[in-house]
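Engineer: pasting the sequence and the predicted model now:
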Amino acid sequence: MSADYGDNRPDLSAFWMPFTANRQYKDAPRLLAEASGMYYRTVDGDEVLDGTAGLWCCNLGHAREEITQAVSRQLATLDFAPTFQMGHPLPFRLAAALSEFAPPGLDRIFFTNSGSESVDTALKMALAYHRARGEGQRVRLIGREKGYHGVGFGGISVGGLVNNRRTYLTLPGADHIAHTFDPERNAFSRGLPDHGAEKADEVERLVALHGAETIAAVIVEPVAGSAGVLPPPKGYLERLRAVCDRHGILLIFDEVITGFGRLGEPFAAQALGVTPDIMTTAKGITNGALPMGAVFAHRKVHDAIVQGPPAAIEFFHGYTYSGHPVACAAALASLEIYRRDGLFTRVKSLAGLWEDRLHALRGKPNVIDIRNIGLMGAIELSPRPDAPGARGYEVLVRALKAGLLVRATGDIIALSPPLIISEDEIGKLFEILGGVLDGVA
């Protein structure tokens, strides 16, 4: 990697940054200029180990030549073509390729441009499914406390993070089940925590409150990511599946973070042994190279909606860039790397070392919990009195200066490295992070 870093410091005033304390950031900006493999390089030329796969998305590492070449060829061949009442070959090829990795039956693919769009699409599918079956009164959508499902109005309505909801209107038919986070019983769990499967029965409480005949779908992240890596308790997802089946409610898994190998299988549904009716994805589908998402629908959902007169539009929904040819090219190239290099399952060979090195940080100053599953991990720090989030932010800043990119969610340090990480790089990551934790009061 090389660049003229002196010319790479832009005026910061015009860009209104997402999910960022803009004034704090612009007083002391952190700018990444290049990336290759497992590393970023800052505008000052400092090398930074990527402990977050960008933003949960660069599972294959950075600057993959295969993806670069595929995107370049596609731009020169077909830069854009509509998919409303028209088509081009790539989304059909990509959907077929994705279906080979999907859980059984989830082989009808609708393309979007982000995780947020995937979630809103899935919620619409659920409503359309029940309406097509003559149960149009099923309009309630059930999310979960601490859940994150993007920033569309559907996503924030079923999401359970208060700061994403408090300023905005939400859908009137949305409700929530309780979260599964239980630090008193499950602190420092390795993998799936032992306690909390019974919390799936929260759906029964809402059935008793609203009536099963009014509920369209329950949506959960198999592993809550943005809330700080919260693996499901043992038996929880199986119990949730059974409750939904009992009442004719669709189950949606939001796999925007867990999809594409993060847990050692193509999707968390396979790693955890529970198949939803609809599954949302994005991020790793193109390795973060271009915006894209995909919603995997079970054939029963697709076939219930796609019926009636052959000339009639069945699902009044879509995006200008659904199945964009260049994004499809990036996704097809990414899938080939996943397949060729065995990266969907490589996590299994690294998970034990990852877990051991992560939990070795127990006992470091201010660490009150550690959680892990697959190549995901979180270290929860005790908040400073009257300054929640300040300790986590300091770890983020110090880690970057020490050569490591982590993600701070309040006082939780989240980790999700590219799946290409080596054993030596796992050691380096935790050596840097351990030293940072030692220095933060």
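Structural biologist: Here it is on my side, so go on.

Engineer: where does the closest residue to L78 other than its chain neighbours land on pLDDT?
Structural biologist: Taking CB to CB, 6 or more residues apart in numbering, and ignoring the residues beside it in sequence, L78 has P325 as its nearest neighbour in space, at 4.9 Å. Backbone N, C-alpha and C define where each C-beta goes, glycine included. Taken from the predicted model, the pLDDT recorded for P325 is 98.

Engineer: please tell me how far P325 sits from S226.
Structural biologist: As judged by CB to CB, to the nearest Å, P325 and S226 stand 31 Å apart.

Engineer: what helix or strand is the residue of the chain positioned farthest from its centre located in?
Structural biologist: Distance from the centre of the chain peaks at P309, with 37.0 Å (CA atoms, centre = their mean). P309 is part of no helix or strand when elements are defined by DSSP states H and E.

Engineer: can I see the domain layout of this protein?
Structural biologist: The record, using automatic domain parsing to delimit domains, assigns the chain the ranges 5-63+342-439, 68-341.

Engineer: mind checking how far the last one is from the chain centre?
Structural biologist: Its chain's C-alpha centre lies 10 Å from the corresponding centre of domain 68-341 when counted by CA atoms, centre = their mean, to the nearest Å.

Engineer: repeat that for the shortest one.
Structural biologist: Distance of domain 5-63+342-439 from its chain centroid, counting by CA atoms, centre = their mean, is 16 Å.

Engineer: average pLDDT for it?
Structural biologist: Rounded to a whole number, the mean pLDDT of domain 5-63+342-439 is 96.

Engineer: show me what counts as buried in stretch 82-89.
Structural biologist: Of the residues in stretch 82-89, those buried by neighbour count under the rule 16 or more other CB atoms under 10 Å are 83, 88.

Engineer: my error: substitute stretch 203-223 in the last question.
Structural biologist: In stretch 203-223, residues buried by neighbour count (16+ other CB under 10 Å) are 203, 206-207, 212, 215-223.

Engineer: so what's I177 closest to, chain neighbours aside?
Structural biologist: Here the nearest residue to I177 in space, its sequence neighbours aside, is E202; by CB to CB, 6+ apart that works out to 3.5 Å.

Engineer: which of the three states applies to that neighbour?
Structural biologist: helix (DSSP: H, G, I helix; E, B strand; the rest coil).

Engineer: kindly report the same for D369.
Structural biologist: Under the three-state scheme (three-state DSSP), D369 adopts strand.

Engineer: for it, give me its contacts.
Structural biologist: Contact criterion CB atoms under 8 Å, 6 or more residues apart in numbering gives 183, 187-188, 378-380 as the residues in contact with D369.

Engineer: what's the closest of these to S416?
Structural biologist: S416 has its nearest neighbour among these in A378, at 9.5 Å by CB to CB.

Engineer: what secondary structure does that closest one sit in?
Structural biologist: Assigned with three-state DSSP, A378 falls in the strand class.

Engineer: so how far is L192 from the closest residue to it other than its chain neighbours?
Structural biologist: Spatial nearest neighbour of A378, chain neighbours left out: V229 (3.6 Å); criterion: CB to CB, 6+ apart. If you measure V229 against L192 using CB to CB, the figure is 12 Å.
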